[in-house]
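Enquirer: only geometry, no sequence info:
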C-alpha cells in the first residue's frame, strides 16, 4: 500500500467523522458539533463498557476509523463488561463519561443519549446492531429501540 493511499484513508475518515458530527449536531437537543461530539463519545464509551471484548470489537468495526480511536480511548478490558443493567445505570455511566467535558450549554441527558443512540441505529449495520444489542439487558436494548429477535 502506498503512502498516498494511507493519507487518502486518513483524509476520508476525518471527512466521514466530520459528516457524522455535523449530521448529529443538526438533531435536537444538540446545537453544535462540540455538543454532538461530547455526547457521542460518552455514549460510545458507555456502550463499549457494557459489551464483552469480542462484542466491543465487532461494534467498533462499524465506526469510522477516527471514531474507532475515540471509542477505544481510555478502555480497560479487564473491567469489561460492566454490569449495569438498567436504563438509568446506562445514563449514569454516560454522565460519568461526560465528566468535565460537559458542553457549555447543558443538554437534557436522556434526550442527548436517545438522540445519539437513534443516530447510531441509523449508521450501524442492522445485523451487527441486532447482534450487539441482543447481548444487552432489555432495559438498555430498549434505549436503542431494539427488541429481542
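Expert: Good, I have the coordinates. For clarity, every value in this text was computed on a predicted model and none was experimentally measured.
Enquirer: excluding chain neighbours, what is closest to the residue nearest to the spatial centre of the chain?
Expert: Closest to where the C-alpha atoms of the chain average out (Cα atoms, centre = their mean) is residue 44, at 2.6 Å. Among residues not flanking residue 44 along the chain, residue 71 sits closest, at 4.7 Å (Cβ to Cβ, 6 or more residues apart in numbering). All C-beta atoms are positioned from the backbone trio N, CA, C, and that covers glycine.
Enquirer: who are the packing partners of the helix or strand the residue nearest to the centre of the chain falls within?
Expert: If you go by DSSP states H and E, residue 44 is part of helix 33-50. Judged by 3 or more Cβ pairs under 8 Å, 6 or more residues apart in numbering; DSSP states H and E, helix 33-50 is in contact with helix 3-25, helix 53-60, helix 65-72, helix 87-98, helix 109-123.
Enquirer: where does pLDDT dip in the protein?
Expert: Within the chain, the segments meeting pLDDT under 70 span 1-5, 100-105, 146-149.
Enquirer: ok, now how distant is residue 113 from residue 12?
Expert: In this view, residue 113 and residue 12 are 28 Å apart by Cβ to Cβ, to the nearest Å.
Enquirer: before we move on, the earlier item: so for residue 78, which of the helices and strands packed on helix 33-50 sits nearest?
Expert: Across the helices and strands packed on helix 33-50, residue 78 has its closest neighbour in helix 53-60 (9.8 Å, Cβ to Cβ).
Enquirer: cool, thanks, signing off.
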